[in-house]
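Visitor: Give me a model of this one.
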Amino acid sequence: MYRISRRALVPISLAFALTALGAMMWVGTHHPATSDVRTVTLGGVPQAIALDATIRHAIVLDNGCGMGLPSGVSVIDMRTHAVLRTTRLGGCPWAVAVDTRGHRAFIGDPGLNAAGHVVDVIDTRSGALLQRINVGVAPTAIAVDGRTARVFVALSSANSVVVLDGRTGTVLHRVHASTPRTLAIDERTACVYVMTAHGVTTLDGGSGSVLHSFVTGAARVYDPVIDAGTGTVLVTTQPVDRRGVPMGVATVHVLAARSGRTLRALSIPLDTMPIATDARAGRLVALTTQHPTPSAMYSAPDSIGVFDLRSGRVVHMTLPSPDANVFAAAADGTRGRVVVTGRRILTIIDARNGGTLRTLRTDSNNETVTIDPATGTAYVSGVRPPPTTVYDSRWFHWVPWRPAYHDVPPTGVVTIIDTGSLR
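Guide: Numbering: from 1, shown residues only. Okay, here's the model as predicted:
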């Protein structure tokens with residue numbers, strides 16, 4: 001049953017009781033939405049969100065693998081926020097990209113069970129499953145070039161990128177890439193950027209041929225950021241020691257998008273993961289780690305920084321919350337806003353000066369975020385965790401939640417925020 005919250009932000013206690021002898025009752029708290037915030041409850045756990053803005057549909061992956069929850073894809077009407085259809089796919093859907101011209105969503109399943117190692121093609125208008133394409137081992141990232149109808153699929157375990165014809169599903173090319181992780185497409189320059197274990201490889205969006213490679217050596221490489229306004233791409237690296245632990249400052253390499261020539265390099269004195277640029281204001285927005293865990297292979301970001309794009313100088317640093325555990329962020333380049341997700345918190349900041357525009361407390365752990373550039377509406381995937389205490393009717397007292405005795409699965413939610421209404 002899907003329900004959209006529309007009431008004021010007032011906590012409502014929800015109780016669930018099992019009447020059998022020795023059953024347990026749990027009590028949780030749900031926070032309905034304000035007029036510019038909506039929540040949609042899903043049957044699975046939202047893994048990723050992509051938008052078909054031309055028909056105002058949001059495509060949400062439900063990944064319930066390992067939790068006893070269904071896996072599939074849900075189509076949400078971006079006007080009414082109603083769930084139009086949910087299609088069960090099986091497997092463990094992991095990545096999604098949308099061709100807005102052909103109204104198709106391409107969903108990668110990395111093969112965590114028998115239904116995996118495929119790309120599922122969904123009609124974004126109806127939610128119907130159109131095709132299932134066998135592509136190879138572990139399709140963990142997908143990108144679509146809408147102008148050429150080419151679909152690029154990263155196969156991390158097969159050290160390759162598969163190029164598909166988005167209209168027919170035919171495999172056109174296989175390009176070697178060392179452990180490809182993420183993909184990004186710049187349709188203006190017809191370039192596809194593949195983040196690999198050793199740098200970034202640039203492919204021609206039409207032919208799939210390799211244009212050039214940016215090799216970093218013994219360094220951690222973060223996802224490339226495309227600055228369409230200046231025709232550049234930003235690649236951030238950070239040196240690591242023999243154990244793979246990051247060390248020293250991060251370096252942001254500004255490359256010419258088509259030629260791959262290095263235009264300049266910025267030294268950022270923090271563990272930095274760029275997410276967006278504002279070319280007009282000359283700003284770089286990045287997730288940062290100000291307090292890394294000593295000797296850790298990876299320290300979760302704990303803040304978001306705004307840097308000068310030419311000098312690397314820190315313009316502003318925002319700490320959403322001491323216990324927020326920043327998960328991800330996305331930028332609305334048109335309005336100069338960034339939505340930052342975290343544990344039970346969402347923060348909206350001004351990308352130009354780093355000022356906090358709004359902070360939202362939620363009852364879910366908010367993870368990925370996608371922004372509709374036409375309206376500034378943000379779609380945030382999250383998980384509402386199970387209760388931490390239960391009432392044991394056999395002993396008539398509150399006890400800590402014990403999964404071995406009473407397995408309460410988490411609840412998937414999508415939080416929809418109208419950032420366009422902020423001033």
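Visitor: where are the low-confidence patches of the stretch 101-250 of the chain?
Guide: Scanning the stretch 101-250 of the chain for pLDDT under 70 picks out 111-116, 218, 244-246.
Visitor: what's the closest non-adjacent residue to the residue nearest in space to the middle of the chain?
Guide: Geometric centre of the chain, nearest residue: residue 368, 3.5 Å, by CA atoms, centre = their mean. Once flanking residues are discounted, residue 368 sits nearest to residue 381: 4.7 Å by CB to CB, 6 or more residues apart in numbering. (Each C-beta comes from the backbone N, C-alpha and C, glycine too.)
Visitor: if I look at that neighbour, how far off is residue 46?
Guide: 3 Å (CB to CB, to the nearest Å).
Visitor: Overlap of the contact sets of the two?
Guide: Here residue 381 and residue 46 share the contacting residues 60, 367, 368, 412, 413, 414, scored by CB atoms under 8 Å, 6 or more residues apart in numbering.
Visitor: So in that sheet, which strands flank the helix or strand hosting residue 192, and in what orientation?
Guide: Secondary structure from DSSP states H and E places residue 192 in strand 191-195. Take DSSP bridges as the rule and strand 191-195 pairs in its sheet with strand 182-186 (antiparallel), strand 199-204 (antiparallel).
Visitor: what does that strand contact?
Guide: 143, 145, 152, 154, 161, 177, 180-186, 200-205, 208, 211, 221-224, 226, 233, 257-258.
Visitor: What strand or helix carries residue 238?
Guide: strand 232-239.
Visitor: in the stretch 201-350 of the chain, which spans are strands?
Guide: Using DSSP state E, counting those that start in this stretch, the strands of the stretch 201-350 of the chain run over 210-215, 219-221, 225-227, 232-239, 250-256, 262-268, 271-278, 283-289, 303-308, 314-318, 328-332, 337-350.
Visitor: Least confident of those strands, on average?
Guide: Of all these, mean pLDDT reaches its minimum on strand 271-278 (a mean of 73).
Visitor: which helices and strands sit right next to that one?
Guide: strand 225-227, strand 232-239, strand 250-256, strand 283-289, strand 328-332 (3 or more CB pairs under 8 Å, 6 or more residues apart in numbering; DSSP states H and E).
Visitor: what does the first one rub up against?
Guide: Okay, so that is strand 225-227. So strand 225-227 is contacted by 184, 186, 193, 233, 234, 236, 257, 274, 275, 276, 277, 279 (CB under 8 Å, 6+ apart).
Visitor: go with 10 Å
Guide: The contact list for strand 225-227 (CB atoms under 10 Å, 6 or more residues apart in numbering) reads 184-189, 191, 193, 232-236, 252, 254, 257, 273-279, 284-286, 309, 331, 333.
Visitor: Among the shared contacts of residue 381 and residue 46, name the ones in strands.
Guide: 60, 367, 368, 412, 413, 414 (DSSP state E).
Visitor: before we move on, the earlier item: so for the host helix or strand of the residue nearest to residue 368, what's the average pLDDT?
Guide: Using DSSP H and E, residue 381 sits in strand 377-384. Averaged across strand 377-384, pLDDT comes to 90.
Visitor: That one: how far from the chain's middle?
Guide: 10 Å (CA atoms, centre = their mean, to the nearest Å).
Visitor: got the angle for it vs strand 337-350?
Guide: 90 degrees (axes from the mean of the first three to the mean of the last three CA atoms, to 10 degrees).
Visitor: Listing partners with orientation, what would you give for strand 377-384?
Guide: Short version: by DSSP bridges, strand 377-384 pairs with strand 356-371 (antiparallel), strand 411-418 (antiparallel).
Visitor: mind checking pLDDT for residue 297?
Guide: pLDDT, residue 297: 48.
Visitor: could I get the ones in strands among the shared contacts of residue 381 and residue 46 as CSV with distance to residue 344 and pLDDT?
Guide: Shown next, in CSV, are those (distance: CB to CB, whole Å; pLDDT from 0 to 100):
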residue, distance to residue 344, pLDDT
60, 20, 94
367, 12, 85
368, 16, 89
412, 15, 85
413, 12, 90
414, 16, 93
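Visitor: List just the nearest of those residues to residue 166.
Guide: When those are compared for distance to residue 166 (CB to CB), residue 60 wins out at 20.4 Å.
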